[in-house]
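Participant: build the 3D model from these lines:
(2 chains)
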2 protein chains.
Amino acid sequence: MTNSKVGHRIEELTTPAFLLDLVKVKSNCQGMLETCKAMGVSLRAQTKTHKTVEGAVLQTGGSRKGIVTSTIDECEFYADHGFDDILYGYPLIAHHMPRISALTRRLEKFHVMVDSKLAVETLIASQPPTGKTWSVFLKVDCGNNRAGVWWEDEESIILAHQLGSYSSLITFRGLYVHCGNSYYAKTDVEVEKVRDENIERLLNFVDRVKERGVTCETIGIGSTPSCKKPSDNMKKLDELHPGNYVFLDVQQSTLGSCIVDEIACRVATRIIGHYPKRNQMLIDCGFTGLTKQGEGMLVTGYGIIRDNPNLKICNMTQEIGYIEPLKGKLDFEKYPVGSLLFIFPWHSCATAAMHSVYYVIEEDKVVAEWKPTRGW
Amino acid sequence: MTNSKVGHRIEELTTPAFLLDLVKVKSNCQGMLETCKAMGVSLRAQTKTHKTVEGAVLQTGGSRKGIVTSTIDECEFYADHGFDDILYGYPLIAHHMPRISALTRRLEKFHVMVDSKLAVETLIASQPPTGKTWSVFLKVDCGNNRAGVWWEDEESIILAHQLGSYSSLITFRGLYVHCGNSYYAKTDVEVEKVRDENIERLLNFVDRVKERGVTCETIGIGSTPSCKKPSDNMKKLDELHPGNYVFLDVQQSTLGSCIVDEIACRVATRIIGHYPKRNQMLIDCGFTGLTKQGEGMLVTGYGIIRDNPNLKICNMTQEIGYIEPLKGKLDFEKYPVGSLLFIFPWHSCATAAMHSVYYVIEEDKVVAEWKPTRGW
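Facilitator: Next comes the predicted model:
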């Protein structure tokens, strides 16, 4: 089914279908731009949640400049669509060097991220394209415990100093911190604590690097939970790089990033069967339409069904979901076979990745189809 | 990156990459054909695990006849590629009727599956294409507790009788049972018990339908765990319809369907960082390359890393996986950054769905690329 659905009503779509509420997507994007402007910091938006041209245009306020990506495929996709000032926000390995070199050649500003001495050695083993240098951010781990040099270590400071010293090969841009540990927080207050700790450690690192005579032109932190909570200490940064805020999801609502009503995406699904003896009904959204992420996190199962707080997605197989009431008997007359339900996903980055087309909705009609890039 | 990788060595592939061992895929397909032949039953192979032309050609022994699919998109995809005798193995709803009608028109044999009185009413509300009848299987639930009419119920018998009575509109083909409850078994013996119970109930249902003077031309059961355990009572059936056996996976190995060495698919991933202080390394396979299915099921995390029984995939974010040893200190020299690991997935149906190309491997070289259909 490759025919465009633009102009169709939601009821006409084949399900499961990934829907975007355009008003909410725009509002989420505009809100983050305003948050950053008010604090005097730039927004280098992460594109991984949606991976679409249209989403990144909204994230950059139409400039198509200043994004960070999660795959080199995304870098190439955005370069193909007129974007520039792209940071490949992923640990650099030798295998990607030919593509990194090509992107460095074709874009005005293409940046890579190094997270170790080995990554720096890998980079400088290749000559940058004529008239260019490798433009480099150092990834610093300020508590996330994933990739990056550890902020406390003396050897991390030495590495930053080295990056500032290879001027013929490398332009040292600054420091990149992902505070993904904000996702392990249980409350708003914990998210803020994680954010503040990351910023404090980053600023400490900057000071120690400065003592060696190296300037960090751009320093920034990311993650939607932290960036949705503006604070005075964020004004000391140059860039923020959240990504999920474009769609948001149920997980974000549990972290205080949003209320459920602000979630801009949902999966439309149809009821396909009634099973009164089991007090269950089946829907045509299985794990290929939603993913099984969020298992065990919600009383309502793998997501939240809009306007139906008593319904639980209790199980999923490949193409079928199982719905039960949280309590009482299911009112089957309220849910005819063929009728639609709308699921807010636990993790929109994961759910979006299951769909090759996003149906963009305004007032119950499809106004656009956005097609994400995919792969690596 | 749309360039073909045929002829390349595995080491040249961008990772994560979904690899198929062609010898094993062929052996798995040939084995199931032989199992069925030896029992005198047909194989109506389920295509949902791979969704490729090439896989279904192997499943049908080259005939391109006799498959069952999980989505109507698959039906259209296979019809476009010269397949016939296709069963759309999904509960029938009104929304799909135009596409069902088109497939009934264009194919010699296209079958649908009904699971309720409402589905039958939905079907006969439409006139079949000229010169055709709706070709229908009744889905019977013999213990799986998903879709289908319950085997014990008198109204289920009445429905079968009705299906046999609408001869101008409907050709009643027979009964379809999916014994997906075999996946909840803990041991081989339990899988066999589930299989036997499903068959016994199905045969009981057939007898009761016969008493009403209705013949079930074709009766069959599915699920890879049950079909991988041939038995005398299966000879009483006409068709089997397993699907996962083409690739197999770690889950199947825990159900006694295979040994790990028979798993025909794996995800190639590169090591992207060493973190000795955390006794961890990172890989470039996150949940978009593997999925988080299998959470909590294995001591080795979200899969099994080939030839490395001491390694555990302990966490995954979108594009990054975390590897730890089950015990002791990780020998980082053994795992240089940039080197490859190969992950057998917990659930290959889910993992395959994350990849738009499967790299088919023979002796460490890519010999073909298979491209699955996707969507609904």
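
Participant: give the pairing partners of whichever strand or helix holds A:I323; include direction for each.
Facilitator: For A:I323, the element it lies in under DSSP states H and E is strand A:321-325. Strand A:321-325 pairs in its sheet with strand A:280-283 (antiparallel), strand A:311-316 (antiparallel), by DSSP bridges.

Participant: just say which of those is most tucked in.
Facilitator: strand A:280-283 (a mean of 24; mean count of other Cβ atoms under 10 Å in any protein chain shown). In this view, the C-beta of every residue, glycine as well, is placed from N, C-alpha and C.

Participant: now tell me what touches that strand from outside.
Facilitator: Residues outside strand A:280-283 that contact it (Cβ atoms under 8 Å, 6 or more residues apart in numbering or on different chains) are A:269-275, A:313-314, A:320-324, A:330, A:332, A:335, A:341, B:91, B:146-147.

Participant: one more pass at 10 Å, please.
Facilitator: The contact list for strand A:280-283, computed with Cβ atoms under 10 Å, 6 or more residues apart in numbering or on different chains, reads A:15-16, A:267, A:269-275, A:289-290, A:305, A:311-317, A:319-325, A:330, A:332, A:335, A:337, A:340-341, A:343, B:91, B:115, B:145-147.

Participant: next SSE downstream of that strand?
Facilitator: Sequence-wise, the next helix or strand downstream of strand A:280-283 (DSSP H and E) is helix A:287-290.

Participant: just checking, what packs against that next one?
Facilitator: In terms of contacts (3 or more Cβ pairs under 10 Å, 6 or more residues apart in numbering or on different chains; DSSP states H and E), helix A:287-290 is packed against strand A:17-21, strand A:265-275, strand A:311-316, strand A:321-325, strand A:340-345, helix A:348-352, helix B:348-352.

Participant: report how many residues lie close to the closest residue to A:Q46 other than its chain neighbours.
Facilitator: Counting by Cβ to Cβ, 6 or more residues apart in numbering or on different chains, A:Q46 lies nearest to A:G243, which is 2.9 Å off, once chain neighbours are set aside. Residues lying near A:G243 (other Cβ atoms under 10 Å in any protein chain shown) number 26.

Participant: list the residues that contact A:G243.
Facilitator: A:G243 makes contacts with A:32, A:45-50, A:55, A:59, A:67-70, A:89, A:222-224, A:227, A:349, B:318, as judged by Cβ under 10 Å, 6+ apart.

Participant: now do 7 Å
Facilitator: By Cβ atoms under 7 Å, 6 or more residues apart in numbering or on different chains, the contact set of A:G243 is A:45-49, A:224.

Participant: which of these fall in strands?
Facilitator: Members of those lying in strands (criterion: DSSP state E): A:45-46.

Participant: what's the closest of the contacts of A:G243 to chain B?
Facilitator: Distance to chain B, by Cβ to the nearest Cβ, is smallest for A:K48 among those, at 5.9 Å.

Participant: could I get the phi/psi values of the closest one?
Facilitator: With angles defined as degrees, to the nearest 10, A:K48 sits at phi -60, psi -30.

Participant: name the nearest residue to it, ignoring sequence neighbours.
Facilitator: A:S70 (3.7 Å).

Participant: kindly reformat the strands paired with strand A:321-325 as CSV containing distance to A:E155 and mean pLDDT.
Facilitator: Below are the strands paired with strand A:321-325 laid out as CSV (distance: least, Cβ to Cβ, whole Å; pLDDT from 0 to 100):
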stretch, distance to A:E155, mean pLDDT
strand A:280-283, 53, 98
strand A:311-316, 46, 97
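
Participant: thinking again about what came up before, what sits against the residue nearest to A:K48?
Facilitator: Contacts of A:S70 by Cβ under 7 Å, 6+ apart are A:48, A:89-90, B:318-319.

Participant: so which elements touch the helix of greatest length in chain A?
Facilitator: Longest helix of chain A, by residue count under DSSP state H: helix A:188-210. The contact analysis (3 or more Cβ pairs under 7 Å, 6 or more residues apart in numbering or on different chains; DSSP states H and E) places helix A:188-210 against helix A:154-163, strand A:170-178, strand A:218-222, helix A:224-227.

Participant: quick one: which of these is nearest chain B?
Facilitator: Across the helices and strands packed on helix A:188-210, chain B has its closest neighbour in strand A:170-178 (9.5 Å, Cβ to the nearest Cβ).

Participant: dump the closest one to PDB, restricted to CA.
Facilitator: Extracted C-alpha coordinates of strand A:170-178, given in PDB (Å, rounded to 0.1, in the frame of the first residue of the first chain):
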ATOM      1  CA  ILE A 170      41.500  18.900  14.200                       C
ATOM      2  CA  THR A 171      39.300  21.800  15.100                       C
ATOM      3  CA  PHE A 172      38.300  21.200  18.700                       C
ATOM      4  CA  ARG A 173      34.700  22.300  19.100                       C
ATOM      5  CA  GLY A 174      33.900  21.500  22.700                       C
ATOM      6  CA  LEU A 175      32.300  19.100  25.000                       C
ATOM      7  CA  TYR A 176      29.200  16.900  24.600                       C
ATOM      8  CA  VAL A 177      27.400  15.400  27.600                       C
ATOM      9  CA  HIS A 178      24.400  13.100  27.400                       C
END
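
Participant: that strand pairs with which strands, and in what direction?
Facilitator: Sheet pairing of strand A:170-178 (DSSP bridges) gives strand A:134-141 (parallel), strand A:218-222 (parallel).

Participant: start to end distance for stretch A:342-349?
Facilitator: In terms of Cα to Cα, to the nearest Å, the two terminal residues of stretch A:342-349 are separated by 17 Å.

Participant: now swap in stretch A:351-365 and tell me
Facilitator: 21 Å.

Participant: quick one: average confidence on it?
Facilitator: Regarding stretch A:351-365, the rounded mean pLDDT is 97.

Participant: cool, and stretch A:52-64?
Facilitator: pLDDT averaged over stretch A:52-64 gives 98.

Participant: ditto for stretch A:31-38
Facilitator: Confidence for stretch A:31-38, expressed as mean pLDDT, is 97.

Participant: buried stuff in that stretch?
Facilitator: For stretch A:31-38, a neighbour-count test (16 or more other Cβ atoms under 10 Å in any protein chain shown) marks A:32-33, A:35-36 as buried.
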